[in-house]
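A.B. asks: with the input below, show me the fold.
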Amino acid sequence: MEHVVALDVALKANPDLKEIELVDVPGASKIAADVAYQFQLRINQNKMRTFARGLCASTCAYIFLMGHERTLLPARSGQDTVLLMHSIHSGIDGAFQRTYNDDLISIVHQRSIGKFPLELLNKMYETTDRSGGIYIYRKPVDGGYIFFQAQYGAKRVKLSDATPADLGINVDD
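C.D. replies: Reported below is the predicted structural model:
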């Protein structure tokens, strides 16, 4: 929850803050759902825009997609920016949490004004580990932007012909 505390400190120091930039965030582990909900509250209260650079995985991807305007920026590392969405595992034992996932998927779908289809978001339920999921690239790779990987080491397969713009995501340099 340290990132939530850091955001609260930033908002207290600058109440007009309207942007969150997420840089190389691998996720939030066992407190993922709590972190996502806390960020959602602050994003909604302040009508914040979100930006992502580098790897934005798991909880980070949900937080990014909750922004009132979402923009993928170039990574600082030389790699391109990519979102990795997969099912949230939460609680002490790290168990899969279907209720949290369904709720977060609904939030993302609504925030995109329906541009991010539920069928695409629900594809993440076909993963078999935390490395699998939906990959959304800032720039095209292997003939597409959106891929699915069932588990770590499995081949990523093109999932859709959609671009980030089709999903309501801006791309900026």
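A.B. asks: so where do the helices sit in this protein?
C.D. replies: 2-13, 32-46, 59-65, 98-111, 118-122 (DSSP state H).
A.B. asks: list of residues touching the third one?
C.D. replies: Counting contacts by CB atoms under 8 Å, 6 or more residues apart in numbering, the residues outside helix 59-65 that touch it are 20, 22, 25-28, 32, 35-36, 39-40, 43, 50-52, 56, 70, 83-85, 88, 104, 107-108, 111-112, 116, 136, 169. Placement of C-beta: from N, CA and C, glycine included.
A.B. asks: right, so of the helices of the chain, which gets closest to S131?
C.D. replies: Of all the helices of the chain, it is helix 59-65 that lies closest to S131, at 13.6 Å by CB to CB.
A.B. asks: how far out from the middle of the chain is that closest one?
C.D. replies: In this view, helix 59-65 has its centroid 3 Å away from the chain centroid, taken as CA atoms, centre = their mean, to the nearest Å.
A.B. asks: average model confidence for it?
C.D. replies: Per-region confidence: helix 59-65 scores 93 on mean pLDDT.
A.B. asks: just stretch 37-47 next, same as before
C.D. replies: Rounded mean pLDDT across stretch 37-47 is 93.
A.B. asks: contacting residues around it?
C.D. replies: 1, 3-4, 7-8, 11, 17-18, 20, 48, 50, 63, 66-68, 107.
A.B. asks: now it - C-alpha only, CSV.
C.D. replies: Extracted in CSV, the C-alpha atoms of stretch 37-47 (Å, rounded to 0.1, in the frame of the first residue of the first chain):
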residue,chain,number,x,y,z
TYR,A,37,-9.6,-0.1,-5.5
GLN,A,38,-7.7,2.5,-3.5
PHE,A,39,-6.3,4.0,-6.7
GLN,A,40,-9.7,3.8,-8.4
LEU,A,41,-11.2,6.0,-5.6
ARG,A,42,-8.5,8.6,-6.0
ILE,A,43,-8.5,8.5,-9.8
ASN,A,44,-12.3,9.0,-9.8
GLN,A,45,-12.3,11.7,-7.1
ASN,A,46,-9.7,13.7,-9.0
LYS,A,47,-10.6,12.8,-12.5
